[in-house]
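Novice: below: sequence and its predicted model.
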Amino acid sequence: MPLEDNDPFDKHRERTAAWERALRPQPVQHGWMWLVAGALVVGLAAWGANAWWEHERAGTRAKQRTALPQAPVGARTAAPEPALPEPPVPARPALPAIAKCVTADGRTVGYGDGPCTAGARQVQVAVEPGLNLADGLTPEQRDAHLRSNRAAAQAQRAHEEAVARNVDVDPGAECRALAALIAQLDAWARQPNDPATLDDIRGRRQFARDRQFRLGCQYVR
């Protein structure tokens, strides 16, 4: 006997299944929640990255300020003071006229800007400012010049003393003293001297030679 398709148990199971499906909760659509959650995560990540970047930049600025050398208070450059005006340079006064006094026998008896004594005539002397020949000498040359001058002065003093002692005793002593004086004056004249010193040497030598001539000394040359 063939089975019928309309089984009452099948209908009962269909009604039970429909009732169970009605009791089950409907599935919720969660797609929009995932979008919101993703946006929040992205926003938090961006905020965190920005906060970290600001923190790093602030730390770098602090390090740069610390590394900059601080100038000490006392080392600050003061404002330049205005230059003071240069005082006017006074004009150099005119040099006085200098003359030497020469006797009739050619001896120089002095220098000055006034009249000479009786028996002497005036000879004008050219004076140059700042003339000092000793400035161009080495220390050795200056010492030699001083020794020569000292020797010439000592020789003349010895001559004068010898003349005073032996004028009536030994006429030849004065001739020897005059010869020694002339030798010293010649050595003195070979040193670098100023014009006034050369004139004085020339006058002394002329006086010694005139004296040799008057005494008839054999040392006259």
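Specialist: Thanks, I have the structure now.
Novice: going forward, measure contacts and count neighbours with C-alpha atoms only.
Specialist: Will do.
Novice: where does Gln206 land on pLDDT?
Specialist: The confidence metric pLDDT takes the value 90 at Gln206.
Novice: how is this structure carved up into domains?
Specialist: According to automatic domain parsing, the chain is divided into the following domains: 95-127, 134-215.
Novice: buried ones in the shortest one?
Specialist: Neighbour counts over domain 95-127 (16 or more other C-alpha atoms under 10 Å) mark 99-103, 106-109, 111, 116, 120-122 as buried.
Novice: so of those, which ones are in strands?
Specialist: Among these, the residues falling in strands (DSSP state E) are Ala99, Lys100, Cys101, Val102, Thr103, Thr108, Val109, Tyr111, Ala120, Arg121, Gln122.
Novice: residues contacting the fifth one?
Specialist: Neighbour list for Thr103: Val109, Gly119, Ala120, Arg121 [criterion: C-alpha atoms under 8 Å, 6 or more residues apart in numbering].
Novice: switch to 6 Å and redo it
Specialist: By C-alpha atoms under 6 Å, 6 or more residues apart in numbering, the residues touching Thr103 are Ala120.
Novice: check the fourth one too.
Specialist: Under the criterion of C-alpha under 6 Å, 6+ apart, the contact partners of Val102 comprise Thr108, Val109, Ala120, Arg121.
Novice: the last one contacts Cys101, doesn't it?
Specialist: Yes. At 5.4 Å, Arg121 and Cys101 qualify as touching, with contact defined as C-alpha atoms under 6 Å.
Novice: hmm, back to that, the ones in strands among the buried residues of domain 95-127: which two are farthest apart?
Specialist: Based on C-alpha to C-alpha, the longest span within these runs between Ala99 and Thr103 and measures 13.0 Å.
Novice: averaged pLDDT, the helix or strand harbouring Ala155. What do you get?
Specialist: With the criterion set as DSSP states H and E, the secondary-structure element containing Ala155 is helix 139-166. When pLDDT is averaged along helix 139-166, the result is 70.
Novice: cool, thanks, signing off.
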